[in-house]
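> What would the 3D arrangement of this be:
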Amino acid sequence: MWFAGIDWADTHHDIVVIDEGAKRLATRRFAHTAGGIADLIAFLKAIGDVASQPEHLACIIETTHGVLITALLEAGLPVYPLNPATLQQLRSPSRAKADTIDA
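The predicted structure follows:
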């Protein structure tokens, strides 16, 4: 089982992929364009056996709506939306936002 944390932004999306033991396997950034989203999906499907067993990946994404969620679902990937306000509570006391940390 793998977990892909996806930080949503207007111009790009940062992704951090970890395994069941919380070992970081990959960190990538994709443009918020049709090509970037296609590359993002191809990247996710290239993880382990996700292309044939999409249920082996959980996509946790920092938004509850939008074209990225639609694209992930249409690609057959499991999506678990997370309200961005939830991440506010997990940030350090400085409340500094960092896309990779959010992912």
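> Other residues contacting the one helix or strand Phe43 maps to?
Element membership of Phe43, judged by DSSP states H and E, is helix 34-45. Residues outside helix 34-45 that contact it (Cβ atoms under 8 Å, 6 or more residues apart in numbering) are 4, 12-13, 15, 17, 26, 28, 30, 50-51, 54, 57, 59, 67-68, 71-72, 75, 77. For glycine as for every other residue, the C-beta is placed from the backbone atoms N, C-alpha and C.
> which sections of the protein are below the confidence cut-off?
Residue ranges of the chain with pLDDT under 70: 87-103.
> Which residue ranges of it form strands?
With DSSP state E, the ranges of strands along the chain come out as 2-8, 12-19, 24-31, 57-61, 79-81.
> Tabulate the ones you listed (TSV), appending mean neighbour count.
Conversion of the strands of the chain to TSV gives the following (neighbours: other Cβ atoms under 10 Å):
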stretch	mean neighbour count
strand 2-8	22
strand 12-19	19
strand 24-31	14
strand 57-61	19
strand 79-81	15
